[in-house]
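> I'll drop the sequence and a predicted model, then ask my questions.
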Amino acid sequence: MKNCLDSDWTPLLMKWFDAHKRDLPWRTESPRDPYKVWVSEIMLQQTRVEAVKAYYTNWMEHFPDIPTLASAEEEDVVRQWQGLGYYSRARNLHTAVREVMATYGGRVPEAREEIRKLKGIGDYTAGAILSMAYGKRETAVDGNVLRVFARIYNIEENILSAKVKKEITALVRVRQDAARPGDFNEALMDLGATVCIPGQPRCEVCPLSSVCEAKAAGKEAEIPLRVTKKEVPVEPVTVFVVKLRQEEPVQRCCDKRGGKADVPADAAALYLLHRRPSKGLLAGMWEFPNCTGEGRQGKEALTAELAALGVGVKKVSGPVKQIRHVFSHKIWNMYIYEAEVAGIHVKENGPEAECALTKSKAELKTVLPSGWRWVPGTELADYNLAGPHNRILREEDELTTK
């Protein structure tokens, strides 16, 4: 490590960055807008840069500044985030922006102790915003930075351990360009993302290859130390795509005036959706009926659950599709079935008996237990479907032709 510590390699890195920095939509302004840095960094958590570009541009069209996002409804915020996954990021950002409006007059605070109080902002995001938007000498140490420094200093310990991360953060602070702290942080990120990549780094084009101790020791492909990941559990999930077609009966329905109402001949097919709890995995998002399990057990359990709602299933076809959806902590193997409805039954007594036809949308609404809803196929796109269930929706045309 001595040779590297004695070498002032920061100018080499900054010269390389000025010539090779990535062209990214959140880097176009100078000086940088702290809100835009914030949004980009939250989106980049757990998501590749190339995937984020289009989402970022779309987000800024809908929520160009803090006041606009703060005044938006949560459902619209989640809708614009749809496809990025990890939806708690969007909700935390929305909550934090409202706090900025209420407490700081709409201006992102410049003090680390204040910005760290905002929901969803940790040490890395705080450092990124403060250095890139406000020119503060703050570090922003992510996986790319840890990998770059592990190789430069030939660190053979686990870079994800708290001890090593603390040591590397101290080294970053020593090497940081005092005049351009934000650019320095982004230079390290770009170097790690495009040159000092995992596995086999591109040492032949690296501006720091002459001072890299891992390369000198022939260990650039071995460092950083790879820690075996904990095995992720696989969970089978049975999913029913339940449709109510125009020819299927609705028994004992009443309209808002208390009279009888029939499904009109031209009514669109309705899909049965369920809203997930407000906390936890995919919180508050909509999904097709599903349960844990597979095969006969899963089908019987889900059929029984629907029967308890008053939705009679006469035939289950499939599985017509199998989808594998990977979360950070689990994997869903989803078995998709088409469920034919024999009819629906709604009790006439009490508020949960209401059944009405909204003529303008040709929409049949049956009041089901909280969290359940019949939705016209033409309006499914208006609902924030959970990621894996949104994949089912995109493949619905294929499902119905089998």
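That came through fine.

> A helix includes residue 154, no?
No. Checked against DSSP: H, G, I helix; E, B strand; the rest coil, residue 154 lies outside a helix; its state is coil.

> surely it meets residue 219?
Yes. The criterion here is CB atoms under 8 Å, and residue 154 meets it with residue 219 at 6.6 Å. All C-beta spots, glycine's among them, are computed from the backbone N, C-alpha and C.

> the more surrounded of the two?
The residue with more neighbours, out of residue 154 and residue 219, is residue 154; 18 against 14, by other CB atoms under 10 Å.

> per-residue pLDDT of the residue lying closest to that one once chain neighbours are set aside, please?
Once flanking residues are discounted, residue 154 sits nearest to residue 213: 3.7 Å by CB to CB, 6 or more residues apart in numbering. At residue 213, the model reports a pLDDT of 96.

> count the neighbours of residue 213 for me.
Residue 213 has 20 nearby residues by other CB under 10 Å.

> thought it was touching residue 152?
Yes. With contact defined as CB under 8 Å, residue 213 reaches residue 152; the gap is 6.5 Å.

> so which helix or strand of this protein has the lowest pLDDT on average?
Within the chain, no helix or strand scores below strand 355-358, which has a mean of 37 by mean pLDDT, DSSP states H and E.

> am I right that residue 335 sits in a strand?
Yes. Under three-state DSSP, residue 335 falls within a strand.

> now it: how far from residue 272?
17 Å (CB to CB, to the nearest Å).

> just residue 233 next, same as before
28 Å.

> show me where pLDDT drops low in this structure?
1-7, 228, 246-268, 343-367, 395-402 (pLDDT under 70).

> so what's the residue nearest the centre of the chain closest to, chain neighbours aside?
Closest residue to the average C-alpha location of the chain: residue 85 at 2.0 Å, with CA atoms, centre = their mean. Leaving aside its chain neighbours, residue 85 sits nearest to residue 387 (5.5 Å; criterion: CB to CB, 6+ apart).

> repeat for residue 52
Closest to residue 52 by CB to CB, 6+ apart is residue 43, at 4.7 Å.

> contacting residues around the strand or helix carrying that neighbour?
Using DSSP states H and E, residue 43 maps to helix 34-44. When contacts are defined by CB atoms under 8 Å, 6 or more residues apart in numbering, helix 34-44 is touched by residues 24, 26, 29, 52, 55-56, 59-60, 65-66, 84, 89, 92-93, 97, 108, 120-121, 124-125, 128-129, 132-134.

> quick one: buried ones out of those residues?
Neighbour-count burial within the contacts of helix 34-44 applies to 26, 52, 55-56, 59-60, 66, 84, 89, 92-93, 97, 108, 120-121, 124-125, 128-129, 132-134; the criterion is 16 or more other CB atoms under 10 Å.

> so residue 140: helix, strand or coil?
Under three-state DSSP, residue 140 comes out as coil.

> centre of the chain to the lengthiest helix in the chain, how far?
The longest helix of the chain (DSSP state H) is helix 88-104. Relative to its chain's centre, helix 88-104 lies at 17 Å (CA atoms, centre = their mean, to the nearest Å).

> same for the helix or strand following it, what does it pack against?
Where DSSP H and E defines the elements, the next helix or strand beyond helix 88-104 is helix 112-115. Where contact means 3 or more CB pairs under 8 Å, 6 or more residues apart in numbering; DSSP states H and E, helix 112-115 is packed against helix 123-134.

> with only the CA atoms kept, save the helix it packs on in PDB.
Taking Å, rounded to 0.1, in the frame of the first residue of the first chain, the C-alpha atoms of helix 123-134 are listed here in PDB:
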ATOM      1  CA  ASP A 123     -24.600   8.200   4.100                       C
ATOM      2  CA  TYR A 124     -24.000   7.500   0.400                       C
ATOM      3  CA  THR A 125     -26.900   9.600  -0.900                       C
ATOM      4  CA  ALA A 126     -26.200  12.400   1.500                       C
ATOM      5  CA  GLY A 127     -22.600  12.500   0.300                       C
ATOM      6  CA  ALA A 128     -23.600  12.400  -3.300                       C
ATOM      7  CA  ILE A 129     -26.100  15.300  -3.000                       C
ATOM      8  CA  LEU A 130     -23.800  17.500  -0.800                       C
ATOM      9  CA  SER A 131     -20.700  17.000  -3.000                       C
ATOM     10  CA  MET A 132     -22.300  17.200  -6.400                       C
ATOM     11  CA  ALA A 133     -24.900  19.900  -5.900                       C
ATOM     12  CA  TYR A 134     -23.300  22.000  -3.100                       C
END
